[in-house]
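Predicted model, plus sequence, below.
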Amino acid sequence: MAKTLKLRNKGEYLKFLDALSKINDAGVILDVKEDKLISLVSSLDSTLILHGVYKSDFEFEDTLNIPDVKKLRYVLDTIEEESIHIDVNPNNLQYSGNGVKFKYHLYEEGFITKPNINLDKINKFEFNVNFNLNKATIQRLYKGSTFASETNKIYFYTENNLLMAELTDRARHNTDNFTLSLGKVDFSLDPISINLDNMRLISLLNDDIRVKINTEYGVVVFDIEDSDIKLRYIISALTQ
């Protein structure tokens with residue numbers, strides 16, 4: 001039976017691949033599940049996990065072992081059409097149409113391993129802190145990081161019923177800091193910090209970013225959804 005990846009919106013699929021490649025640009029597994037593609041990737045130090053889902057109508061199930069996500073993204077970007085069909089062969093992906101042809105070879109099964117993380121366990125966590133961030137706020141924080149350049153930590157905490165984000169390093173003395181108020185909240189939160197570089201790897205697909213924190217286990221989750229894409233970033237909090 002012929003297998004075809006039917007991508008109804010190439011632009012959305014390129015966003016999905018781009019999100020994966022920011023975390024790990026080599027050795028990614030894509031699980032085809034009839035109506036969606038699922039991938040689980042981690043940063044080199046395993047402090048950031050991305051569970052990505054791309055929705056479409058594939059009508060088959062398979063596992064694709066992608067050697068180089070960026071390379072695949074670049075070749076797909078040469079296709080001008082938004083709706084494209086890619087043939088899935090035993091060891092390659094193949095496309096031919098409208099003046100473009102390519103064959104992209106896949107790794108064999110077992111060559112790539114998935115991150116060792118129990119998603120079901122994390123999904124069952126009680127996230128006792130929930131709030132929204134928008135793209136503009138995150139970009140302001142990135143701009144503030146050029147001032148607080150001696151640190152790579154961002155702390156979230158509450159103060160006087162306000163949620164605060166502070167760029168500093170509380171384990172070091174005489175460190176410049178930058179603090180941004182994120183608005184009024186109805187919860188309290190002791191300082192919890194994450195690596196700012198991990199936040200920089202988040203793909204800001206739209207303006208709505210849902211943040212959830214489990215303070216017991218020190219897990220921070222960023223949920224981002226677009227029309228055909230759902231991204232869940234799982235970040236381990238720092239010890240200080």
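Everything's here; your move. Numbering: from 1, shown residues only.

which other helices and strands contact the host helix or strand of residue 86?
Secondary structure from DSSP states H and E places residue 86 in strand 84-88. Using 3 or more Cβ pairs under 8 Å, 6 or more residues apart in numbering; DSSP states H and E as the contact test, the elements touching strand 84-88 are strand 3-7, strand 92-97. Quick note: C-beta positions are derived from backbone N, CA and C, even for glycine.

Could you point out the helix or strand that follows the longest one?
Along the chain past strand 92-97, the next helix or strand (assigned with DSSP H and E) turns out to be strand 100-105.

Direction included, what does that next one pair against?
Paired with strand 100-105 in the same sheet, following DSSP bridges, are strand 92-97 (antiparallel).

The strand it pairs with: which residues count as buried?
Judged by neighbour count (16 or more other Cβ atoms under 10 Å), strand 92-97 contains these buried residues: 93, 95.

go on, stretch 120-136?
Per 16+ other Cβ under 10 Å, stretch 120-136 contains these buried residues: 122, 127, 129, 131, 133.

okay, those residues in CSV with secondary structure and pLDDT next?
Listed next are the buried residues of stretch 120-136 as CSV, based on DSSP: H, G, I helix; E, B strand; the rest coil; pLDDT from 0 to 100:
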residue, secondary structure, pLDDT
122, helix, 88
127, coil, 94
129, strand, 96
131, strand, 96
133, strand, 94
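
Tell me which of the helices and strands packed on strand 84-88 lies nearest to residue 60.
When the helices and strands packed on strand 84-88 are compared by Cβ to Cβ, strand 3-7 sits nearest residue 60, at 4.9 Å.
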